[in-house]
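Student: Requesting a structural model of the entry that follows:
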Amino acid sequence: MQRRSFLKNTAVAAGAGTLAAPALAQVQPTINWRLASSFPKTLDTIAGSAENFVKRVAQLTGGKFLIRQFAAGEIVPGLQVMDAVQAGTVEIGHTPAYYYFGKDPTFAFDCAVPFGLTSRQQTAWFDQGGGRELLREFYKDYGIVNFMGGNTGTQMGGWYRKEIKSVADLKGLKMRVAGFAGRVMERMGVVPQQIPAGDVYAALEKGTIDAAEWVGPYDDEKLGLARVAPFYYSPGWWEAGPQLSFYVNQKEWDKLPKQYQAALEAASYECHVVMQAEYDTKNPAALARLMKNGAKLRNFSKDVMDAAYKQSAAVMEEEAAKNARFRKIYEPWKKFRHDQNQWASVAEATMQNYLISASRK
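Tutor: Numbers count the residues shown, from 1 in each chain. A predicted model of the protein is given here:
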């Protein structure tokens, strides 16, 4: 009798627990946000990352937290996403932080700086190496909470109408290149231009610019840049591991239930990892197609790389000397980069270099 009574009470308790979960879910509010992207929908890897993100947030909250995505230009231009989030025009944005280099070069640490961290190193720095804490403090002045929003891996060095054999060939070149890279390139004789993705092809075709960098084979193929500038250079030394960001308006973030905050953070992390995997999967085949259709693959000469490295270091040091917010991040970041490169040279780089050489035999 006692055993039957115990089992009955246990079953009742279990039933109550089963009923409690839906009841708890019902008290959570339905929230509708708008997301402004810096990218056109045709770039399915980058724009697609935000699309996956909004789907995952909805799934993780039982359809209660709904975010509607808008492509570049549908609410604000691609280069004004941060301003829209800061002003509360939209609650969230998906964008590369170095687009806002003109406001403060410190933004670039949330994306990429010349001769900076690889994608894995950037993730490690942000997630485990103190980067998140340093950047969150920086973003407080803008009323924004930032989250990792993807990474392309090391990008290409761009498309050029003519071959770039030496630094002299860069003199007077009008090039679509943004942020720190633009400042460094300027010292090497380039005339930098900041142009949104959707306008790059037209600018090259009309001769408004002589060269343009975008991302890498898969995305560059979609933009059709090889048709108007056949020389394709590597590596994109200014973007060793450019990280995208989800920007959330601080006030709107503070209003979210903790469950929704957790869902947003989990979805952003998942999409961050998936984007890198997509690029690593799609770029090899895209590069092969580009070369089959006439793209001429080239590597920057040691002359160009050495000059770029020297000028990059000078620009970074000069900015650190005059910008306290930049310096606060730059000093620990620089040590992290040094330690990471020391470690990479021991195992991973050695292994990768061997595999590359072995595959060419």
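Student: Output the below-cut-off pLDDT ranges for this protein.
Tutor: 1-26 (pLDDT under 70).
Student: Now do the helices in it.
Tutor: 2-27, 46-60, 81-87, 119-127, 131-139, 179-187, 197-206, 217-223, 250-255, 258-292, 302-322, 324-346, 348-359 (DSSP state H).
Student: contacting residues around the second one?
Tutor: With C-beta atoms under 8 Å, 6 or more residues apart in numbering as the test, helix 46-60 has contacts from 35, 37, 39-41, 65-69, 71, 94, 149-150, 152, 215, 219, 244, 246, 260, 263-264, 266-268, 270-272, 274-275, 278. For the C-beta atoms, the positions are set from N, CA and C on the backbone; glycine is no exception.
Student: Can you give me the neighbour number for Asp303?
Tutor: Look at Asp303: counted by other C-beta atoms under 10 Å, it has 14 neighbours.
Student: What of the one 4 residues further on?
Tutor: Using other C-beta under 10 Å, Ala307 has 19 other residues around it.
Student: measure it to Phe300 for me?
Tutor: Counting by C-beta to C-beta, to the nearest Å, the separation of Ala307 from Phe300 is 10 Å.
Student: same check, this time on Val315
Tutor: From Val315 to Phe300 the distance is 18 Å (C-beta to C-beta).
Student: Check Gly158 too.
Tutor: From Gly158 across to Phe300, the span is 10 Å (C-beta to C-beta).
Student: Could you check which of these two has the larger neighbour count?
Tutor: Between Gly158 and Phe300, Gly158 has the larger neighbour count (other C-beta under 10 Å), namely 24 against 19.
Student: Which strand residues bridge the more buried one?
Tutor: Tyr233 (DSSP bridges).
Student: contacting residues around it?
Tutor: Going by C-beta under 8 Å, 6+ apart, Gly158 touches Met175, Arg176, Val177, Ala211, Ala212, Glu213, Trp214, Tyr232, Tyr233, Gly236.
Student: Then Val85?
Tutor: Val85 touches Ala36, Glu91, Ile92, Gly93, Ile144, Tyr247, Val248, Asn249, counting by C-beta under 8 Å, 6+ apart.
Student: Format those residues as CSV; extra columns: distance to Ala286 and neighbour count.
Tutor: Formatted as CSV, the contacts of Val85 follow (distance: C-beta to C-beta, whole Å; neighbours: other C-beta atoms under 10 Å):
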residue, distance to Ala286, neighbour count
Ala36, 27, 29
Glu91, 34, 22
Ile92, 30, 29
Gly93, 27, 29
Ile144, 33, 22
Tyr247, 29, 29
Val248, 32, 27
Asn249, 36, 23
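Student: Those residues into JSON lines, with extra columns for distance to Leu223?
Tutor: Conversion of the contacts of Val85 to JSON lines gives the following (distance: C-beta to C-beta, whole Å):
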{"residue": "Ala36", "distance to Leu223": "21"}
{"residue": "Glu91", "distance to Leu223": "29"}
{"residue": "Ile92", "distance to Leu223": "26"}
{"residue": "Gly93", "distance to Leu223": "22"}
{"residue": "Ile144", "distance to Leu223": "29"}
{"residue": "Tyr247", "distance to Leu223": "25"}
{"residue": "Val248", "distance to Leu223": "29"}
{"residue": "Asn249", "distance to Leu223": "31"}
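Student: so which of those residues comes closest to Gly224?
Tutor: Ranked by distance to Gly224 (C-beta to C-beta), these are led by Ala36 at 25.4 Å.
Student: So the closest one versus Gln352, what's the distance?
Tutor: Distance, Ala36 to Gln352, using C-beta to C-beta: 38 Å.
Student: With Leu117 instead?
Tutor: The gap separating Leu117 from Gln352 is 16 Å, by C-beta to C-beta.
Student: Please apply the same query to Tyr232.
Tutor: From Tyr232 to Gln352 the distance is 22 Å (C-beta to C-beta).
Student: which of those two has more neighbours?
Tutor: Tyr232 (21 against 11).
Student: so that one touches Ala226, yeah?
Tutor: Yes. Taking contacts as C-beta atoms under 8 Å, Tyr232 lies within contact range of Ala226: 6.9 Å.
Student: So which residue is dead centre in this structure?
Tutor: Leu244 (2.1 Å; C-alpha atoms, centre = their mean).
Student: What residues are recorded as beta-bridge partners of that residue?
Tutor: Under the criterion DSSP bridges, Leu244 forms beta bridges with Pro96.
Student: so who does it touch?
Tutor: Counting by C-beta under 8 Å, 6+ apart, Leu244 has contacts 46, 49, 94-96, 111, 148-152, 272, 275.
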